[in-house]
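K.L.:
need coordinates for the following:
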Amino acid sequence: MILFLLFLLVQQDQTPRPPTKDARGLLKIDRTYFDLAANTGGDFYFWAPGEFAASRLQMPIEREPVVLAYGAIETEKTFEIPVESDVKELTVFAGIQRKDLAVLVRPDATVERDVQSFQHMLIAIVKAPAAGIWRLELHGVGTYAVTAHVNSSKPISVPSNACTFVARDGSLLADDCRVPKVPYRALIRGVDENGAAFQRIESHLRTP
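P.N.:
From the prediction side, this is the model:
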């Protein structure tokens, strides 16, 4: 319930407004609400005027986090999204202050065409996604938010798995049992009974 109220609060504050950009074309954002999303695993929307009404945005309620990354880039960054077998739906969100290019690539190296593309965002909701490693290629400048979630048709039965700790931007902090000295999320990787890789990450950013 608390997460739902926070989601509504962030949504209400992100009513489309005339964008303010600096000399490099970076969209001005509210850092307070960005940090709220980054610390709770939410999506931060980089809306331009008129985009919300035409977005066809219907975010799934039942979904499990696979990738949560909030940081800044100067040129480009690639995010890997493991999708296990029998997933009913994959949701990918990417937003950045200046988007030059955002491409979602399927495991067979073809580009996913059924996406919503905005001035500063890419949103994709893929039904029955192919198992394997999907990739999000994000080119641009400034603060970004990237999330990926799955709606799985059955609980994961794992013959093997590993727990790691990652930073707010998704980078690896440690792959042992030592708690990092900086804010972190716990992440679990493994393979399902069909040999397909899976990944889960906790929503809340933990402070040591």
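K.L.:
what about residue 32, which SS state?
P.N.:
The three-state label given to residue 32 by DSSP: H, G, I helix; E, B strand; the rest coil is helix.
K.L.:
restrict the longest strand along the chain to CA atoms and write it as CSV.
P.N.:
Looking across the chain with DSSP state E, the single longest strand is strand 132-152. Extracted C-alpha coordinates of strand 132-152, given in CSV (Å, rounded to 0.1, in the frame of the first residue of the first chain):
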residue,chain,number,x,y,z
GLY,A,132,17.2,-15.4,-23.2
ILE,A,133,19.2,-12.2,-22.7
TRP,A,134,17.4,-9.1,-23.9
ARG,A,135,19.5,-5.9,-24.3
LEU,A,136,18.5,-2.3,-23.9
GLU,A,137,21.0,0.0,-25.7
LEU,A,138,20.7,3.6,-24.4
HIS,A,139,22.5,6.5,-26.0
GLY,A,140,22.3,10.0,-24.6
VAL,A,141,23.5,12.3,-21.9
GLY,A,142,22.4,13.0,-18.3
THR,A,143,20.5,11.3,-15.6
TYR,A,144,18.7,8.1,-16.5
ALA,A,145,16.3,5.6,-15.1
VAL,A,146,16.1,2.1,-16.5
THR,A,147,13.8,-0.7,-15.2
ALA,A,148,12.8,-4.1,-16.4
HIS,A,149,10.1,-6.3,-14.9
VAL,A,150,8.6,-9.7,-15.7
ASN,A,151,5.2,-11.3,-15.0
SER,A,152,6.1,-14.9,-14.6
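K.L.:
for it, the averaged confidence score.
P.N.:
Across strand 132-152, the average pLDDT comes to 97.
K.L.:
could you tell me which strands sit next to whatever helix or strand comes next after it in the sheet, and their orientation?
P.N.:
The helix or strand immediately downstream of strand 132-152 is strand 160-166, counting by DSSP states H and E. Neighbouring strands of strand 160-166 in its sheet, by DSSP bridges, are strand 172-174 (antiparallel), strand 185-191 (antiparallel).
K.L.:
summarise which helices and strands the longest strand of the chain is packed against.
P.N.:
Contact analysis of strand 132-152 by 3 or more CB pairs under 8 Å, 6 or more residues apart in numbering; DSSP states H and E lists helix 31-40, strand 64-73, strand 76-83, strand 87-105 as its packing neighbours. (Glycine included, C-beta is placed from N, CA and C.)
K.L.:
quick one, which of these gets closest to residue 149.
P.N.:
strand 87-105 (4.7 Å; CB to CB).
K.L.:
quick one, that closest one and strand 132-152 angle?
P.N.:
140 degrees (axes from the mean of the first three to the mean of the last three CA atoms, to 10 degrees).
K.L.:
now do the contacts for residue 123.
P.N.:
Shown here is residue 123, whose contacts under the criterion CB atoms under 8 Å, 6 or more residues apart in numbering are 55, 57, 91-94, 115-116.
K.L.:
give me the angle between the helix or strand it falls within and strand 76-83.
P.N.:
Assigned by DSSP H and E, residue 123 belongs to strand 121-127. Orientation of strand 121-127 against strand 76-83 (the same axes, to 10 degrees) gives an angle of 20 degrees.
K.L.:
I'd like the distance between the residue sitting furthest away from the middle of the chain and residue 153.
P.N.:
Seen from the C-alpha centroid of the chain, the residue lying at the greatest distance (CA atoms, centre = their mean) is residue 23, 27.2 Å away. As judged by CB to CB, to the nearest Å, residue 23 and residue 153 stand 48 Å apart.
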